[in-house]
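> Return a 3D structure for these sequence lines:
(chains A and B)
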Number of protein chains: 2
Amino acid sequence: MITIDETHDPALESFIESANAPDADFPVQNLPLGTARRRPDGKSFCAVAIGDRVLKLRGAEESGLFDDLDAELRAAVREPNLNGLMALGRGPARELRLALSRLLRRGSSLESDTATIDHVLIPMDEVEMLMPATIGDYTDFYASVHHATNVGSMFRPDNPLLPNYKWIPIGYHGRSSTIRPSGTPVQRPSGQRRPDPDVDPAFGPCKGLDYELEVGLFFGGTHELGRPITMDEAEEHLFGFCLLNDWSARDMQAWEYQPLGPFLAKSFLSTISPWIVTTDALAPFRVAAPERPAGDPQPLPYLSGGESKAAFDVKVGAHLSSAAMRAHDQPHLRLSEASFRDMYWSPAQMVVHHASNGCLMRAGDLLGSGTVSGPDASARGCLLELTWRGRDPIALPSGEERRFLEDGDEVVLTGHCEAPGARRIGFGPCVGRVVDPNDRSAEKAADKATE
Amino acid sequence: MITIDETHDPALESFIESANAPDADFPVQNLPLGTARRRPDGKSFCAVAIGDRVLKLRGAEESGLFDDLDAELRAAVREPNLNGLMALGRGPARELRLALSRLLRRGSSLESDTATIDHVLIPMDEVEMLMPATIGDYTDFYASVHHATNVGSMFRPDNPLLPNYKWIPIGYHGRSSTIRPSGTPVQRPSGQRRPDPDVDPAFGPCKGLDYELEVGLFFGGTHELGRPITMDEAEEHLFGFCLLNDWSARDMQAWEYQPLGPFLAKSFLSTISPWIVTTDALAPFRVAAPERPAGDPQPLPYLSGGESKAAFDVKVGAHLSSAAMRAHDQPHLRLSEASFRDMYWSPAQMVVHHASNGCLMRAGDLLGSGTVSGPDASARGCLLELTWRGRDPIALPSGEERRFLEDGDEVVLTGHCEAPGARRIGFGPCVGRVVDPNDRSAEKAADKATE
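Next up is the predicted model:
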């Protein structure tokens, strides 16, 4: 299922010039999918990003640009979001990718058809990105052994990694109702906290607000209740990936999470980057999963085999700016950089484990990777790890310091891929700013985002 | 919001005679809502149960029987399932209830209109019950202190109840994709288990299959991301209740659940009774929540106040038959009986806590109560408690014994309400039979249920 074809040729350029800039996230080799609408309140449509433009798939289909594609695929791209396309699985998505590549590259028949271009290629700043798909269920994994070990060390110094970790891709069900696209304001949640076990708990605004740098996987294809998915079949269900910020209220989490796991500490909001980079776009960046250290168990048979290049070398980063930094025109401070390739469990293993009990998976389901942390201190994907639970605050260029997020702080997650012989591609940012309760404009934006 | 009105008059009878039997679950005082279709594959419709008949709401609306109702309400009852009606909240549901009561009672104008009756009142055995609503998110609580104490005693003898239990309505996110209506075959899940910590874990069929006797709450009305719900507002969102069997794989649960909570041990299937008994039907059976024992903390202010009759005196039971019992025409064995009134946390407190961090609640969301166990040994709502983790097997009339569920076992959950001066009402059964893998007919039925 890893096919390197003409769509990956690094020499290809688009007639949309902005797509050809060396650091562009959306060159013609990427072609990520999303759901958009014209501001302020147009009808939603399936879209593809190319440079600083958005191709409206419904418009392109209506203009006859996809006449060579199957009727089923043409119907799917006319839908108001990506669920239909996701349900078709990777084969049709690959056909669409090839058609889009031929359409948007330099020298295509579309290049000279300015009337159609004006109709179907919209400036990105004229659209609002919506949720790419209706997410039936959201599951969050815990697949970075570095993250699990760091967090475990803080809470269980003698026993940081539980005995099941190296056998099971640990995960838990999350809340689908509160997943929002990049840019949605982050309202600090309130909840119960008990920082001092000798004092009764109290209800109030979270004092340990954190982000988590994750990668999200959208499930594609069809599946049936009661049927497991094999490692060989899993690849077909890896529709594509986004960035995911699993905002976390650490003080609420510490008090609530036993014995049934995180609940309100996570369910107030999760933010995703709105462009889904398809698994096929990531083909040149596939690598073998890291070898397990000597002494670690090998995965059980149901989690073994399948595609040998099971991992994805996506470089992900987290960046912070405070209100004071922005007031002084200081750029975002990079907090961490890690690679998604270093996860202990691969996306395919997460899918296979999830369905191993017969659990029904639906097109549009979102599987979070868990915080992507690497082996180095510079690769820790949340403040809990970076400040070691607040012990080691981070110095900001504004002279401030941070243990956890303050009102006005903005977190930007980024992701991109580079490899020899391949064109660089990016994910586009995943942005969230913690609402300053004194800033009425932010509040109004939050209201709007929930409509 | 607790209104006892003419619809609750115990003297009322229906012109559908089967509704007037003393032990009928669906007398004219009940009027539970569901979603049904004519077998084998009719179009789905909103329905009301009356005796052994089903009233087709769309048909009734089209026949002009609801002409006195608001246009919005009339549009909602024409929808293919209950989400629209649920979104309107309890006021419109109460209007609908009154209209239905007047329509279905003896002496109504409908009684003599046999043509319309034939069109809108369908024998129950001619319809298939579907999921009442599309469930956006499913959350399972842990609100019986008896259950939590029993289970805690097995796993942490010195510390059965964790310090947060009496402060927080403990809950966790569940899987919405695998909730199915009563009658759906139960396929024994496979998964990782490690019964002996000195031996490596293995993957295979669950050996500790259990049921959990729960009550489910459907959330109604509208809500916004970021807005908490107060105890005074909560009542408006209690749309109605069903029975819920939260099937559990105990051996898988023990190995997987730390540190993030139950996952695959629960997500293979949950079964609900298909008729939603509205909160207004339950008005005569509302009681004050049990007083907290001396020494227990009082709920924090955000979980205090609201409706004083916060609890619901629903008597729930679990019943088992094995294949051998059925072969000998032996009736189901009653395993437990308890009352939903004995829960430590009320449905309103569950709703308020859930939204206290700003988590968006949507009409159709399902909130499980957690296993309903009472203080007595006869009121333990799952085999884990009844057999004390398999130590004390249950003797069946067939001469068999049970620690956990065997293939061919059928579990029937029941619920009903009785109170002085009120007509008895029931929930209808919640049934699930564990598939015998050698029984091909069961497998075919399972295939059908997933279509």
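
> And for residue A:308, the neighbour number?
Applying other CB atoms under 10 Å in any protein chain shown, we find 10 residues neighbouring residue A:308. C-beta here means a position set from N, CA and C on the backbone, and glycine is covered the same way.

> Kindly provide the distance from it to residue A:235.
Computed as CB to CB, to the nearest Å, the residue A:308 to residue A:235 distance reads 11 Å.

> In contact with the closest residue to residue A:20 other than its chain neighbours, which residues?
Once flanking residues are discounted, residue A:20 sits nearest to residue A:13: 4.8 Å by CB to CB, 6 or more residues apart in numbering or on different chains. Residues in contact with residue A:13 (CB atoms under 8 Å, 6 or more residues apart in numbering or on different chains) are A:19-20, A:27-28, A:105-106.

> what's the most distant pair in these?
Greatest spacing in the contacts of residue A:13, by CB to CB: A:27 and A:106 (11.7 Å).

> who's more crowded, these two?
When residue A:27 and residue A:106 are compared for neighbours, residue A:27 comes out ahead with 26 against 14, by other CB under 10 Å.

> so how far is residue B:410 from the more buried one?
In terms of CB to CB, residue A:27 sits 59 Å off from residue B:410.

> I'd assumed residue A:217 was in contact with residue A:86.
No - counting by CB atoms under 8 Å, residue A:86 sits too far from residue A:217 to count as a contact (11.3 Å).

> Can you pull the residues that touch both of those two?
Contacts common to residue A:86 and residue A:217, judged by CB under 8 Å, 6+ apart, are residue A:239.

> Chain B contacts on the stretch 51-200 of chain A?
The stretch 51-200 of chain A comes close to chain B at residues A:136-137, A:142, A:152, A:162-164, A:167-168, A:170-178, A:180, A:187, A:189-192, A:194, A:197, A:200, as judged by CB under 8 Å from any CB of the partner chain.

> change it to 7 Å
Counting by CB under 7 Å from any CB of the partner chain, the residues of the stretch 51-200 of chain A close to chain B are A:136-137, A:142, A:162, A:164, A:167-168, A:170-178, A:187, A:189-192, A:200.

> What is the burial count for the closest residue to chain B within the stretch 1-150 of chain A?
Residue nearest to chain B within the stretch 1-150 of chain A: residue A:137 (5.2 Å; CB to the nearest CB). Using other CB under 10 Å, residue A:137 has 28 neighbouring residues.

> Would you enumerate the residues in contact with it?
Residues near residue A:137 by CB atoms under 7 Å, 6 or more residues apart in numbering or on different chains: A:173, A:176, A:365, B:175-177.

> picking that back up, select from the residues of the stretch 51-200 of chain A next to chain B every entry located in strands.
A:171-173, A:190-192 (DSSP state E).

> can I get those in JSON lines with pLDDT and neighbour count?
Below are those laid out as JSON lines (pLDDT from 0 to 100; neighbours: other CB atoms under 10 Å in any protein chain shown):
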{"residue": "A:171", "pLDDT": "97", "neighbour count": "25"}
{"residue": "A:172", "pLDDT": "97", "neighbour count": "25"}
{"residue": "A:173", "pLDDT": "98", "neighbour count": "25"}
{"residue": "A:190", "pLDDT": "97", "neighbour count": "19"}
{"residue": "A:191", "pLDDT": "98", "neighbour count": "26"}
{"residue": "A:192", "pLDDT": "98", "neighbour count": "22"}
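
> farthest-separated two in these?
The widest separation within those (CB to CB) is 26.9 Å, between A:171 and A:190.

> just the helices in chain A please.
A:57-62, A:71-77, A:83-88, A:90-104, A:114-120, A:145-155, A:231-234, A:250-256, A:323-327, A:347-355, A:383-386, A:440-449 (DSSP state H).

> What's opposite the spatially most central residue of chain A in the beta bridge?
Taking CA atoms, centre = their mean, the centroid of chain A lies closest to residue A:243, which sits 2.1 Å from it. As for beta bridges, residue A:243 partners with residue A:215 under DSSP bridges.

> Tell me where the model's unsure across chain A.
A:437-451 (pLDDT under 70).

> hang on, the earlier thing: for residue B:422, state which of the contacts of residue A:137 is nearest.
For the contacts of residue A:137, the nearest to residue B:422 is residue B:176 (33.8 Å; CB to CB).

> List the residues that contact the closest one.
A:136-137, B:135-138.

> and which of these is nearest residue B:397?
Distances from residue B:397 to the contacts of residue B:176, taken by CB to CB, are shortest for residue B:138, at 35.2 Å.

> one step back: let me have the ones in strands among the residues of the stretch 51-200 of chain A next to chain B in CSV, adding distance to residue A:36 as columns.
Shown next, in CSV, are those (distance: CB to CB, whole Å):
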residue, distance to residue A:36
A:171, 30
A:172, 31
A:173, 29
A:190, 33
A:191, 34
A:192, 39
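
> Can you pull the residues that touch both of residue A:27 and residue A:106?
With CB under 7 Å, 6+ apart, residue A:27 and residue A:106 have common neighbours residue A:14.

> ok, back up a step: could I get the contacts of residue A:137 as CSV with distance to residue B:130?
What follows is the contacts of residue A:137, written out as CSV (distance: CB to CB, whole Å):
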residue, distance to residue B:130
A:173, 23
A:176, 21
A:365, 21
B:175, 19
B:176, 15
B:177, 15
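
> with the residues you listed in mind, which one is nearest to residue A:430?
Closest to residue A:430 out of the contacts of residue A:137 is residue A:176 (17.4 Å), distances taken as CB to CB.

> Go ahead and confirm residue A:240 touches residue A:275.
No - assessed by CB atoms under 7 Å, residue A:240 is found out of contact with residue A:275, at 9.0 Å.

> neighbour count winner among the two?
residue A:275 (32 against 24).

> show me the contacts for the more buried one.
A:32, A:34, A:49, A:242, A:427-428.

> Which residue, other than its chain neighbours, is closest to it?
residue A:32 (3.8 Å).

> Could you do residue A:433 as well?
Nearest non-adjacent residue to residue A:433 (CB to CB, 6+ apart): residue A:410, at 4.1 Å.
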